[in-house]
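> Sequence first, predicted coordinates after that:
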Amino acid sequence: MKEWITVAEAARMLSISTASVRNWAKAGRLRGIRVGRSLAFERAEVEALKESLDSGRMARLRSRRNKTAADGAFVPAGYVRTKAYEQLAKQAAEIAGDRLDPRLALLELALKLLMSRGHLAAQPAPGGESLAERYLGGRLDAGGFRPLLEALYRSDGGTGSPQPDGDALRRLRELAQLPVVYVEGDDLLGLVHLSLARLRSRKLTGAYYTPSAIVESLVYDALGEWPDTGGLPRVIDPCCGSGNVLIRVYMALKRRLTARGLDPREADRLLRERGALTGFDIDDTAVCLARLNLALLAEPDGSGALPAEFSIRRQDALHVPISGSPGGGRYDLVIGNPPWGFRFAPEEEERLQRRFRTASAFGTESFGLFIEAGLAMLEEGGVLAYVLPESLLTVDRHAGTRRLIAEQTEMLGIALAGSPFAGVSSPVVTLTLRKRPPAPGHAVAVRDERGRTESIAQRRFRTNPGCAFNVRASGAEHAVLERMRAAPGVWNLRGRCDFALGIVTGDNGAHVREFPDDEVPPGWEPVLRGADVSAYGLGHSGRYIRFEPDRFQQTAPEALYRAPEKLIYRFIGADLVFAWDDRQRLTLNSANIIIPRAPGYRLKYVLAALNSRPVRFYHALAHASVKVLRRHLESLPLPACPPEEQEEIVALVDRLIACGDPEERLGLYEAIDRRIMALYGLDEDERRLIANRIGPPATLNRAAHNKKRLR
């Protein structure tokens, strides 16, 4: 009997998104059946496809698998300060490969660190034996640390305890030769754990390491909001991993205590006696490593006794009762790097959407839930400090999270941190919040990548469309945005425009071709990509397509491509780039189409407005996106323009489109720009501010130099 599985199950088996499963089915790469309104697939066929992908027999499809299926070990640069640790982690990963259970490797390194730190007595290794094999054979006394080492050795309980064979013992002995010296504050165990873990599993859980520089900044900002005279705060990292954030918090609090005159051992005792630190995580191994890391921080006394432990345990922070943490009160500080993009099972997502207001209709984003859960853990007046993706600040799907933050917390600081994660391009921010309603005049300290700080009124975020945190706009620049939105007669494209996506072929290699010497067979026609679109001009990169909609993954109605005139724009890019087309050209999905239908407004006038500095300025500061989305274009405030002025602007546009001289094209652009500026009623200072931020389009003269220019 055939066994049928859902789209979600097929996606998990193939390590692709559910959207990709549907696309592969539409393209005929997977055969599905309809069960009511849902698709189902035969398990045997999906398993066969997976085997083909894994074996490399379907290289083209393999290369198109969802990027979250990327696999392999790597050593994350910047996770620790000690470069020797990075080299050591690389060597450990090379020795272990995929033949040594990571728990055995971590056990060996944990024993070496305990001896280096002085918690366990160093002992000679007869016959080149590793510490791990001596421990497992009962020939090494781990003292009070034995229960913690056993927990590490038996972590990830579903797979059982690893039993080293001859090859594993050989690898352990090779690992034992590596020089391991304890360095306070650097999480070697976590670094090796990350290096041995599969990148794919980290992405599926949204888990990424936090570089040491980011951790130090985060801890500094969070503890800076807790006065030295306030006693020891109760601190929790709700997604603590191997404890790199808690390590830095511990060290900072211990420094405060010793600065008051306490002996380091007494400071250790006080921190542990008060239970100052708590950590949750869903990774068994990471929890064991965090416990070990915090134990290593204690001053050794030579007894081999395990220092009093903090409450570090396997716990899903999203399942902690909202009224507080289990077994204890609320916290003064919540600090950490919550997971981004965690993939929840459908039934779990439904439960979370019932519980958390930040679980939006766009999809449940894990970091938004952790912000809401973290605030629920705090005492009134407590502080939350997180590392978060910069997309939180402006992307529409996070509007609910931004509104919660802007309305219910006092935003203390936002620091733009660039892209510090090796192998991950997403820029990040650190966000510090106080759990109390903001005062009317409260200002947020915004620190840019160069360390420059500016104060921004929090009320500005609450009044922005989508509650956007447009922190890259200065006060003066934001005032210009508001001036543009309030200009007399200002209008937008919402409801006044047809939109069309470029063609999604599903396989450009099969459907898009280039022909040498322009010997194009009948039935083939030019197709434009985003790179072919420049401001006021279209080029052609020599690609052709046969328009056969039934063979493509997705197309717009043909009438939109064949419209008498239309505007084509680049979909990917931080800037707006629009061109005019009256030759019914086809486009791929990196070049989309709009056809304005606003009564009283000429299409080429809209083209002039969209390419102008003011509108590009507005888009850059209000949307801050690397994709030009339909909702962005629909929200742009376009200036009112009487018919006679439109005629003059359109005449300038016609001259610019026809012109091939770069200097003249620039002069025409500036003439159009001055007229658009005047329509908004901008004064000289405002015009100068825009011009200093936004130059002429970088692509303005690209079409003029293109041999295959279409106009």
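Alright, I've got the coordinates.

> Quickly list the domain ranges of this protein.
4-69, 497-705 (automatic domain parsing).

> Tell me which of those lies nearest to Ile214.
For the domains of the chain, the distance to Ile214 is smallest for domain 497-705, at 20.7 Å, taking C-beta to C-beta. To be clear about C-beta, it is placed using only N, CA and C from the backbone, and glycine gets the same treatment.

> returning to that earlier point: export the domains of the chain to a markdown table and tack on distance to Leu431, mean neighbour count and mean pLDDT?
Output for the domains of the chain, formatted as a markdown table (distance: least, C-beta to C-beta, whole Å; neighbours: other C-beta atoms under 10 Å; pLDDT from 0 to 100):
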| stretch | distance to Leu431 | mean neighbour count | mean pLDDT |
| --- | --- | --- | --- |
| domain 4-69 | 25 | 16 | 68 |
| domain 497-705 | 16 | 18 | 94 |
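
> Quick one: closest of these to Pro227.
domain 497-705 (35.0 Å).

> related to what we said a few turns ago, any chance of the domains of the chain in TSV, plus distance to Val287?
As requested, these are exported to TSV (distance: least, C-beta to C-beta, whole Å):
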stretch	distance to Val287
domain 4-69	24
domain 497-705	37
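
> mind checking which of the ones you listed is nearest Glu184?
Using C-beta to C-beta, these put domain 4-69 closest to Glu184, at 35.4 Å.

> Just give the nearest non-adjacent residue to Ser541, would you?
Nearest residue to Ser541 in three dimensions, chain neighbours excluded: Asp532, at 5.5 Å (C-beta to C-beta, 6 or more residues apart in numbering).

> go on, Pro662?
Asn701 (4.3 Å).

> residues touching the one you found, list them.
Applying C-beta atoms under 8 Å, 6 or more residues apart in numbering to Asn701 gives the contacts 534, 662, 665-666.

> what does Thr401 give?
Each residue near Thr401 by C-beta under 8 Å, 6+ apart is listed here: 358, 360, 365, 367-368, 371-372, 392.

> let's see 6 Å
358, 368, 371 (C-beta atoms under 6 Å, 6 or more residues apart in numbering).

> which of these tops the neighbour count?
Ile371 (27 neighbours; other C-beta atoms under 10 Å).

> what's the helix or strand for that one?
Assigned by DSSP states H and E, Ile371 belongs to helix 366-377.

> Mind listing what's buried along the helix or strand following that helix?
Sequence order places strand 378-389 as the next helix or strand after helix 366-377, per DSSP H and E. By 16 or more other C-beta atoms under 10 Å, the buried positions in strand 378-389 come out as 378, 382-389.

> can you tell me the helix or strand for the closest residue to Ala473 other than its chain neighbours?
Nearest residue to Ala473, sequence neighbours excluded (C-beta to C-beta, 6+ apart): Leu621, at 4.2 Å. In this structure, Leu621 sits in helix 613-622 according to DSSP H and E.

> now Ala48
Assigned by DSSP H and E, Ala48 falls in helix 43-55.

> give the contact list for the residue nearest to Ser541.
Here Asp532 is in contact with 539-541 (criterion: C-beta under 6 Å, 6+ apart).

> Just send those residues back as JSON lines, with secondary structure too.
JSON lines is the format used below for the contacts of Asp532 (DSSP: H, G, I helix; E, B strand; the rest coil):
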{"residue": "Gly539", "secondary structure": "coil"}
{"residue": "His540", "secondary structure": "coil"}
{"residue": "Ser541", "secondary structure": "coil"}
